[in-house]
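Undergrad: Dropping a prediction and its sequence here:
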Amino acid sequence: MIDRRRFIGKAGSLASLPFLLFGIFLLRCEVSLAEEEKVTLTFQEFKSSCIDLGHYDSKRRQLTVRFVNRNAERFYCYQNVPRDVWRRLEALNESGGVGNYLNETVVQHPHKYPFQELSLRKFRTVATKTKKAEDSK
């Protein structure tokens, strides 16, 4: 953490004003980054050979998934994904076909659903919903 008093004291004269402004910008970024780290996403587990974790943010229309057999901290966040896609993935989680649907609907259409790679070290998981004994009759 940067000591603000020492930082501002070293800024000195008006000649170093750009340095001071840049330093204030960095300090604000540091606070912003610290706040972002506090947010911990909760992922749903998937019984799929394609993805093992998924999260949907309906306000931002973002689908974040972790693909099986890849780096455990590497996630992919897809933008502009309709809620119906997430609902369908949840439904397919029970019956199968998650990977095919995700690939055909989202992954193969980066122009429609742009994505970015994320590295997440801290996250929570929620176990997949299991059918009750009554439901299987």
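TA: Cool, got the structure.

Undergrad: can you give me the strands for this protein?
TA: Per DSSP state E, the chain carries strands over the ranges 42-45, 51-57, 62-67, 74-78, 115-119, 124-126.

Undergrad: Pipe these into a markdown table and attach mean neighbour count per row.
TA: Heads up, the C-betas are built off the backbone N, CA and C, glycines and all. Output for the strands of the chain, formatted as a markdown table (neighbours: other CB atoms under 10 Å):
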| stretch | mean neighbour count |
| --- | --- |
| strand 42-45 | 16 |
| strand 51-57 | 20 |
| strand 62-67 | 21 |
| strand 74-78 | 19 |
| strand 115-119 | 12 |
| strand 124-126 | 11 |
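
Undergrad: The ones you listed: which one's closest to L89?
TA: strand 51-57 (6.4 Å; CB to CB).

Undergrad: Identify the bridge partners of the closest residue to A72 other than its chain neighbours.
TA: Leaving aside its chain neighbours, A72 sits nearest to R66 (7.6 Å; criterion: CB to CB, 6 or more residues apart in numbering). With DSSP bridges as the criterion, R66 is bridged to L53.

Undergrad: so R66 touches R74, yeah?
TA: Yes - taking contacts as CB atoms under 8 Å, R66 lies within contact range of R74: 7.0 Å.

Undergrad: Helices along this protein, start to end?
TA: In the chain, the helices defined using DSSP state H lie at 4-11, 17-38, 83-95, 98-102.

Undergrad: Domain-wise, how is the protein divided?
TA: 4-38, 42-126 (automatic domain parsing).

Undergrad: winner for burial among the ones you listed?
TA: The highest average neighbour count among these, using mean count of other CB atoms under 10 Å, belongs to domain 42-126 at a mean of 15.
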